[in-house]
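Enquirer: Have a look at this prediction, sequence included:
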Amino acid sequence: MPGPAPRREFALAPLTRPWFADPRHGPLPALLLLLTVNTGVIDAVSILSLGRVFVANMTGNVVFVGFAVAGAPGFSLSASLWALGGFVVGAYSGGLVANRLGQDRGKLFAITVLVEAILFAAILAVSIGSGHTLNGTENDSIAAVAALALGLQNAVVRKLAVPDLTTTVLTMTLTGIAADVTTTGRSITMARRILAVLAMLGGAIGGAALVLHAGRTAALAAALGLVVVTAAGATVAAQGHRVWHQSPVKN
């Protein structure tokens, strides 16, 4: 009589292990993908609700500053400048935190995302209190605080050094997909790049749909939810002493 059929989770383990139990990065790849989704959501809010301003992609934001200075209609110079300033302050703060806690990547990431959740909660509170229409101060405040949170995130993710998961910029990721499509011998590398692109695309679609059909506050609530889930996962992952908590080893 044949024995019982093998359980399905064993068949899936090789697929999930690189995302949740990578020997070098632990669950960081999966958690960073959530933050990549959130980047799509929050940039959808900023572009569609705050006067065409990026709060995560500073390359685009610098270009938008140029458009606004040139007098192109529909671009908010003040929001773009506040976002740029907030991002720089956030990145500077993230650098300080990374230098202090960088020897324990689990703790560093958990504290960073918890702070980010607090900042997003503050943004959501401002949006709820403002009602349907933001005045200039409220608009610029949301842009600045959101950019501060993303600057903090960017600096810390840079310190974490998980390949192809920057969470906010996809230029080099797309370059890697195209340039290495015939040469890479590591399927997980290509999968990581493709999933990063899809994650941000999905976040942008979802964020735009929420802004257009449910409003700015609903999209910000979704962004906060993603950060809270990430913070919860990061807090659990930071417990104990794991190999991946230590300074990363290059691939």
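Expert: Sure thing, it's come through. In this text the structure is predicted, and so the values were computed from the model without any measurement.
Enquirer: show me where the chain has helices.
Expert: 8-20, 28-49, 58-69, 77-101, 105-130, 136-160, 171-179, 187-213, 216-237 (DSSP state H).
Enquirer: Output the contacting helices and strands for the shortest one.
Expert: For helix 171-179, the elements it packs on are helix 187-213, judged by 3 or more CB pairs under 8 Å, 6 or more residues apart in numbering; DSSP states H and E. Where C-beta positions appear, they are placed from N, C-alpha and C, glycine not excepted.
Enquirer: Please identify the buried residues of the helix it packs on?
Expert: Within helix 187-213, the residues scored as buried using 16 or more other CB atoms under 10 Å are 188-190, 192-193, 195-196, 199-200, 203-204, 206-208, 210-211.
Enquirer: quick one: which of those is nearest S127?
Expert: V211 (11.2 Å; CB to CB).
Enquirer: list the contacts for that closest one?
Expert: By CB atoms under 8 Å, 6 or more residues apart in numbering, V211 lies in contact with 44-45, 48-49, 218-219.
Enquirer: if we can go back for a sec, possible to save the helices of the chain as a markdown table with distance to H245 and mean pLDDT?
Expert: Listed next are the helices of the chain as a markdown table, based on distance: least, CB to CB, whole Å; pLDDT from 0 to 100:
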| stretch | distance to H245 | mean pLDDT |
| --- | --- | --- |
| helix 8-20 | 15 | 57 |
| helix 28-49 | 10 | 96 |
| helix 58-69 | 29 | 93 |
| helix 77-101 | 11 | 95 |
| helix 105-130 | 4 | 97 |
| helix 136-160 | 11 | 96 |
| helix 171-179 | 25 | 84 |
| helix 187-213 | 20 | 92 |
| helix 216-237 | 9 | 97 |
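Enquirer: Serialize those to TSV and add fields for distance to W244.
Expert: Below are the helices of the chain laid out as TSV (distance: least, CB to CB, whole Å):
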stretch	distance to W244
helix 8-20	11
helix 28-49	7
helix 58-69	29
helix 77-101	15
helix 105-130	7
helix 136-160	10
helix 171-179	22
helix 187-213	15
helix 216-237	9
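Enquirer: In TSV: the contacts of V211, plus neighbour count and distance to P27.
Expert: Output for the contacts of V211, formatted as TSV (neighbours: other CB atoms under 10 Å; distance: CB to CB, whole Å):
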residue	neighbour count	distance to P27
A44	24	26
V45	28	27
L48	16	32
S49	22	32
A218	16	28
A219	27	26
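Enquirer: of all the residues you listed, which comes closest to Q153?
Expert: Of all the contacts of V211, Q153 sits closest to V45, with 15.7 Å by CB to CB.
Enquirer: Chain neighbours aside, what residue packs nearest to that closest one?
Expert: Spatial nearest neighbour of V45, chain neighbours left out: A219 (4.8 Å); criterion: CB to CB, 6 or more residues apart in numbering.
Enquirer: quick one: contacts for the residue lying closest to G203 once chain neighbours are set aside?
Expert: In this structure, G203 finds its nearest non-sequential neighbour in G40, 2.4 Å apart by CB to CB, 6+ apart. Neighbouring residues of G40 by CB under 8 Å, 6+ apart: 199-207.
Enquirer: swap the cut-off to 7 Å and go again
Expert: 200-204, 207 (CB atoms under 7 Å, 6 or more residues apart in numbering).
Enquirer: and what of T112?
Expert: Residues in contact with T112 (CB under 7 Å, 6+ apart) are 94, 97, 152-153, 156.
Enquirer: if I look at the residue nearest to G203, how far off is T137?
Expert: Computed as CB to CB, to the nearest Å, the G40 to T137 distance reads 27 Å.
Enquirer: Please apply the same query to A117.
Expert: 24 Å.
Enquirer: Between the two, which has more neighbouring residues?
Expert: A direct count of neighbours by other CB atoms under 10 Å for A117 and T137 places A117 higher, at 20 against 11.
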